[in-house]
Each structure stands twice: as C-alpha cells, then as structure tokens.
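K.L.:
predicted model and sequence below, questions to follow.
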Number of protein chains: 2
Amino acid sequence: MNVLLVYAHPEPRSLNGSIKNFIIRHLEQAGHTVQVSDLYAMDWKAVLDAADNTVARKEIRLDPSRDSQDVYENGTQRSDIEQEQDKLRWADAVILQFPLWWFSMPAILKGWVERVYACGFAYGIGEHSDTRWGIRYGEGCWPASAPCWWSRSVAGHLTMRHEASTAPSTTFSIQHGILFYPGFEVLPPYVVYRTGKLGEAGFATVSEELGQRLDSLWTDAPIPFRKQNAGYYLIPELTLRPDLLPGETGFGIHLDQPSFSGNSMSSVNGFDK
Amino acid sequence: MNVLLVYAHPEPRSLNGSIKNFIIRHLEQAGHTVQVSDLYAMDWKAVLDAADNTVARKEIRLDPSRDSQDVYENGTQRSDIEQEQDKLRWADAVILQFPLWWFSMPAILKGWVERVYACGFAYGIGEHSDTRWGIRYGEGCWPASAPCWWSRSVAGHLTMRHEASTAPSTTFSIQHGILFYPGFEVLPPYVVYRTGKLGEAGFATVSEELGQRLDSLWTDAPIPFRKQNAGYYLIPELTLRPDLLPGETGFGIHLDQPSFSGNSMSSVNGFDK
C-alpha cells in the first residue's frame, strides 16, 4: 500500500525524528511504499497568502477560498501545493506526525492544511441542496477514502481528567474538522506523553506500540463519526436531528456509537496509565 | 490604557480588515493607545526553527523549549520576537483577531504564539515543587495580568449544538491553553458567523456589538477558570482534586462556576440566534 507521512519537527535528532524513521522503516519492511513530506526539510511555505495565486491579481481583493478554487480549477496552482495534493491522491493511508505545541499542531503543519486543502479539492465540492450539503464530513474528496491517523508527542503528562478536557480540544478539531471533513476514515491517534522523561526503555515501548498500530493500519476500526449526508443532520440547517441525543452537547454527539464518546474520544497509551 | 491588537488576515480589504480598523478607531476615540501587530503586513516569520537562535549552534541538537530559554535569558533573541514580547509587557489588554481556518487560528498567528512565548517568558518559570507547579494557569508571567479576548470570523453558520461540540474545541485550547496559561484574564470571544452573508446591515450590527465589547473591556468578568496553584488541583499530579465534580469530564471541570460550563463555554452572538 502507499502511505504518506506528513511530518513536522525542526530537529532530525529529536524523539520525533527517531519516531519518523521508525515509522518509515517499519512500513517499508512490511512491503509498503512510503512518501514523506518532511515539512521543515522541505522548507514548506507555512503562510497562506496572495503569493499562492500564480496569476497576478493585485487589483483584486484576496479571497483565500475563492482564489484557491480559481487556481485549482485553472491548473495555475503553485507546484508545492500541487505536489502535496498529488501525494494525497496517491496515498492509501496518511499519517500526520508532530509535537503538540500550545495544544495544537505546529504552525508549519497548520499551514500545510490551509494551503493544500484548496477549495474544489478538499472542500466546496458536490451538490449543496436541501438534501445534501456538499461532499464532506465522511464523504471523500480524494479518489478513495484513506484511513488517516496521527501520532503526536506531548512534553507534559496528561492524566485522564486533563486528557478528557484538554487533549480532545486538540484531537476533535483535527480528527473531525481537518481529517473527517475531507473524507478520511479517521483512526485514533497514537500519543507519547512525558517525552522528556522517555529514555531508552520508553522508546522501546513506543516502538512496540507504534509497530502494532502500523500493522493494523488497514484493519483498525475508524472513529464512528456520523456522516453529514447520511440522515443524522438536518439539511440545510446542518444541525444534529433534534430527536438524536436531545439536549446533549459535546464531541460525543457526532459519533453514532455512544460508547465512543467521553474519554474514549481522547487518546491514551501506556504512558498515560 | 494600552491595547495590543494581534491581527492575522492577508487581505486589508476583507471583513477582518474592516473590523480591525473599527477596533483601532473605537479604542483610540475612547482615549486608549493601540499597537497593532499586523502579522501579514509585518511578514511575520511563522515557523519556529533553528534560525530563531541567533547564536550559531549547528552541532547542538535543536530543542525548541531549551533554546528559546537560552536566548531569552542571554538576551540573544531575534529582534522580531523581542519586540512582540515588549508589546505584551506594555499592554494593559491584548486582543487576538483572526478568521477561523480549519477550526483554528491561521498558521501565521499560531507561529506568533510558538515563537513569542519563549521558555522563561511565557512558561517554565517559578517554583516547581509539591505545592506549586510553576507560574501558570492563572498566574501572570507578564508584569500585570492583562485581560485578553479575541474576535474571530467564521464563514459558516454554527448552531448551538454544533457550537457546543466544535467551537469549544477551538475556543478552549486557545482560551485555556494559550491565554489563561501565561496569566491573561480571559474574556469570552466575540464571533461573527456567516461572514459571506453579512452585508452592510450585518456589519452595522457587528460594529455595535463590538463597540459594546470594547467599552466593557476592563469591566467584563473573565471566564472563571480554576487557577492551577489555588488548591483545585493535586500537585505535582496536576489533576483536578478527586472530590471536585467526581467522574465529570469536559471543559467545564476547569471552571469554578458550574454555570459557566457547557454551552456558555462557547461564544455566541446575534448571528447565532
């Protein structure tokens, strides 16, 4: 299978660098083909701006969404963006790997999402009517829905009750808003906590756990987010049907398996026990 | 009073550009002094990397946290970072203004947080013992705790039940993780929805609501997040005391006024009704 690893850490000799190398080696040894978008090594342009439009239009007011659709449909995108979109079309699975900085992904990775997710490619496609609202939230923009998950490292130690209130605030917006939205089948993330105290033994444990996750990449059950156009939501209101979990709020309402809500929305591994 | 407006939008002629100008004009007319960090206009370096360390140390493995502390304490920070830190020391209030892109702040603003929040300036300071864990989560790193709030624009229309499950995933990590952590008194955000459909009348409403928010900047009650070292959390476990809201999870557990939990954690204005 083809795997795209989108990786964001400035130091190759870091724990993240070692984990990245482990992922590549493990997948290739299993016979998979891996492409790596090492954003720092690529000197990835993190900032979405007018320069992303290769057609000079100084007089025209910049509209990030409309402009990205224009250049996408006219084939005048910057090549760095085009190449990443091609990798996404090529990939059978996508892995995002990054350190958790200030409770979200590093700016360079956020900028990859903002620039590669062009209107017409990752959103803004399909019929928008009283019965469906685009091709999104569970319906793929890519040729095939690729399973996507992510691995992140956290310097601190988050306990369940912190995890339940902080990690999902990062997890949900990435899993539901950035991955489920354009059609990925989202697998639970793998998280390494207390990275500063990991040590050799800790890394051996991480390698073992990570290897198991990689081996079950195509068999693990994705997070059962409700598909937007599958009848759970009112359209065009885009609200959850009033008869579903009336009065309830929180991340769990977007899952069609209640057992998945609450703490299981957060990602916990050996280091959290 | 001194107000710092950190603003992130690439198009001056955008709705965000008009809102930014309104905020500046309104505050100055009220006699306040405003400094604006217009990140796009400043061509702000969004990516945290080895170049942030002015002392060449090619042979040394880059450690974002340790390195930022070294240059901060040795006075060898890049001037762009130093200038933003000086603005934060100068400000009596800070306003973050940005469009919501993929459920979080634009990469250029996230990069401002990552680079300006040096270790020793915004975190990693104070006593770490069995009774206190640094000066953070409600205790100021800046000379004075400044009220901080933020204004964001959302292209889509979020209803309460979406808001309750999506917006807080953005809101909480910014309010609690990025603003409360280094000691700001965090005020509820002001949010404009359906920006594409706003129109003249809509902008008049926004201006009126925004003007009221600006007028009450120093009198509005901050979100009552529990202070980390005030007895609510076990230290050094850094978990909420088991006798507080036993079994409960979610953002609300970090508030010491239950009435604030749930939907009131989300930001709703006229456009959401």
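P.N.:
Now that the structure is in, tell me what you want to look at.

K.L.:
stretch A:128-145 - what's its average pLDDT?
P.N.:
The average pLDDT within stretch A:128-145 is 67.

K.L.:
ugh, wrong one, stretch A:13-28
P.N.:
94.

K.L.:
what comes up buried for that stretch?
P.N.:
Neighbour-count burial for stretch A:13-28, counted by 16 or more other Cβ atoms under 10 Å in any protein chain shown, picks out A:14-17, A:19-20, A:22-24, A:26-27. Where C-beta positions appear, they are placed from N, C-alpha and C, glycine not excepted.

K.L.:
so it, near chain B or not?
P.N.:
Yes: using Cβ under 8 Å from any Cβ of the partner chain, stretch A:13-28 comes into contact with chain B via A:13-14.

K.L.:
ok, residues contacting that stretch?
P.N.:
Contact partners of stretch A:13-28, identified using Cβ atoms under 8 Å, 6 or more residues apart in numbering or on different chains, comprise A:3, A:5, A:7, A:9, A:11, A:34, A:36, A:38, A:95, A:97-99, A:151, A:153, A:192, A:195, A:198, A:203, A:206-207, A:210-211, A:214, B:61-63.

K.L.:
among the buried residues of stretch A:13-28, which lie within helices?
P.N.:
Among those, DSSP state H puts A:15-17, A:19-20, A:22-24, A:26-27 in helices.

K.L.:
would you map the strands across chain A?
P.N.:
Applying DSSP state E to chain A gives strands spanning A:2-7, A:33-38, A:93-99, A:147-153, A:185-186, A:190-192, A:233-234, A:239-240.

K.L.:
for residue A:114, find the nearest of these.
P.N.:
Proximity to residue A:114, assessed across those by Cβ to Cβ, is greatest for strand A:2-7 (13.3 Å).

K.L.:
who are the neighbours in contact with the nearest residue to residue A:67 once chain neighbours are set aside?
P.N.:
The spatially closest residue to residue A:67, leaving aside those adjacent along the chain, is residue A:53, at 5.1 Å (Cβ to Cβ, 6 or more residues apart in numbering or on different chains). Contact analysis of residue A:53 by Cβ under 8 Å, 6+ apart lists A:62, A:67, A:70-71, A:76.

K.L.:
which one of those sits closest to chain B?
P.N.:
Using Cβ to the nearest Cβ, the shortest approach to chain B within these belongs to residue A:62, at 4.0 Å.

K.L.:
give the bridge partners for residue A:95, please.
P.N.:
Residue A:95 forms beta bridges with residue A:5, residue A:149, as assigned by DSSP bridges.

K.L.:
in terms of mean pLDDT, which of the strands of chain A ranks lowest?
P.N.:
When I compare the strands of chain A, strand A:147-153 is least confident, with a mean of 59.

K.L.:
circling back to that earlier point, and the two most separated of the ones in helices among the buried residues of stretch A:13-28?
P.N.:
A:15 and A:27 (18.7 Å).

K.L.:
before we move on, the earlier item: between the ones in helices among the buried residues of stretch A:13-28, which sits nearest residue B:43?
P.N.:
Among those, residue A:16 lies closest to residue B:43 (Cβ to Cβ), at 27.9 Å.

K.L.:
against residue A:125, how distant is the closest residue to residue A:128 other than its chain neighbours?
P.N.:
In space, and not counting its chain neighbours, residue A:128 is closest to residue A:134: 5.4 Å by Cβ to Cβ, 6+ apart. Per Cβ to Cβ, to the nearest Å, residue A:134 is found 6 Å from residue A:125.

K.L.:
and for residue A:208, the neighbour number?
P.N.:
For residue A:208, the neighbour count with other Cβ atoms under 10 Å in any protein chain shown is 11.

K.L.:
now do the contacts for it.
P.N.:
Shown in contact with residue A:208 (Cβ under 8 Å, 6+ apart): no residues.

K.L.:
ok, residue A:222 touching residue A:186?
P.N.:
Yes: contact criterion Cβ atoms under 8 Å: residue A:222 and residue A:186 qualify, at 5.5 Å.

K.L.:
show me which of these two is the more surrounded one.
P.N.:
For residue A:222 and residue A:186, the more surrounded residue by other Cβ under 10 Å is residue A:186, and the numbers stand at 24 against 18.

K.L.:
ok, the more buried one touching residue A:223?
P.N.:
Yes: in this structure, residue A:186 is within contact of residue A:223 by Cβ under 8 Å, at 5.0 Å.

K.L.:
what is in contact with those two at once?
P.N.:
Contact criterion Cβ under 8 Å, 6+ apart; residues shared by residue A:186 and residue A:223: A:175, A:180.

K.L.:
still on that earlier bit, turn the strands of chain A into a markdown table, columns for distance to residue B:48.
P.N.:
Listed next are the strands of chain A as a markdown table, based on distance: least, Cβ to Cβ, whole Å:
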| stretch | distance to residue B:48 |
| --- | --- |
| strand A:2-7 | 15 |
| strand A:33-38 | 16 |
| strand A:93-99 | 10 |
| strand A:147-153 | 15 |
| strand A:185-186 | 27 |
| strand A:190-192 | 20 |
| strand A:233-234 | 38 |
| strand A:239-240 | 38 |
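
K.L.:
for residue B:86, find the nearest of the ones you listed.
P.N.:
Residue B:86 lies closest, by Cβ to Cβ, to one member of the strands of chain A: strand A:93-99, at 27.5 Å.

K.L.:
burial count for residue A:82?
P.N.:
Residue A:82 has 17 neighbours, counted by other Cβ under 10 Å.

K.L.:
do the one 4 residues further on as well
P.N.:
When counting by other Cβ under 10 Å, one arrives at 12 neighbours for residue A:86.

K.L.:
contacting residues around residue A:45?
P.N.:
A:51, A:80, A:111, A:115.

K.L.:
mind checking which of the residues you listed are buried?
P.N.:
Those of the contacts of residue A:45 that meet the buried threshold are A:111, A:115, by 16+ other Cβ under 10 Å.

K.L.:
what about the helices in the stretch 101-250 of chain A?
P.N.:
With DSSP state H, counting those that start in this stretch as the criterion, the stretch 101-250 of chain A has helices at A:107-116, A:160-163, A:167-172, A:199-215.

K.L.:
so which of the ones you listed gets nearest residue A:253?
P.N.:
Closest to residue A:253 of these is helix A:167-172 (Cβ to Cβ; 11.3 Å).

K.L.:
quick check: phi and psi on the nearest residue to residue A:61 once chain neighbours are set aside?
P.N.:
Excluding the flanking residues, the one nearest residue A:61 by Cβ to Cβ, 6+ apart is residue B:13, at 4.6 Å. Per-residue torsions, residue B:13: phi -90, psi 10 (degrees, to the nearest 10).

K.L.:
what does the model give the residue nearest to residue A:137 when sequence neighbours are not counted for pLDDT?
P.N.:
Leaving aside its sequence neighbours, residue A:137 sits nearest to residue A:228 (Cβ to Cβ, 6+ apart; 3.6 Å). Listed pLDDT for residue A:228 reads 80.

K.L.:
do the same with residue A:110
P.N.:
If you check residue A:110, the pLDDT there is 97.

K.L.:
check the closest residue to it other than its chain neighbours and give its pLDDT.
P.N.:
Nearest non-adjacent residue to residue A:110, counting by Cβ to Cβ, 6+ apart: residue B:107, 4.2 Å away. What the model reports for residue B:107 is a pLDDT of 98.
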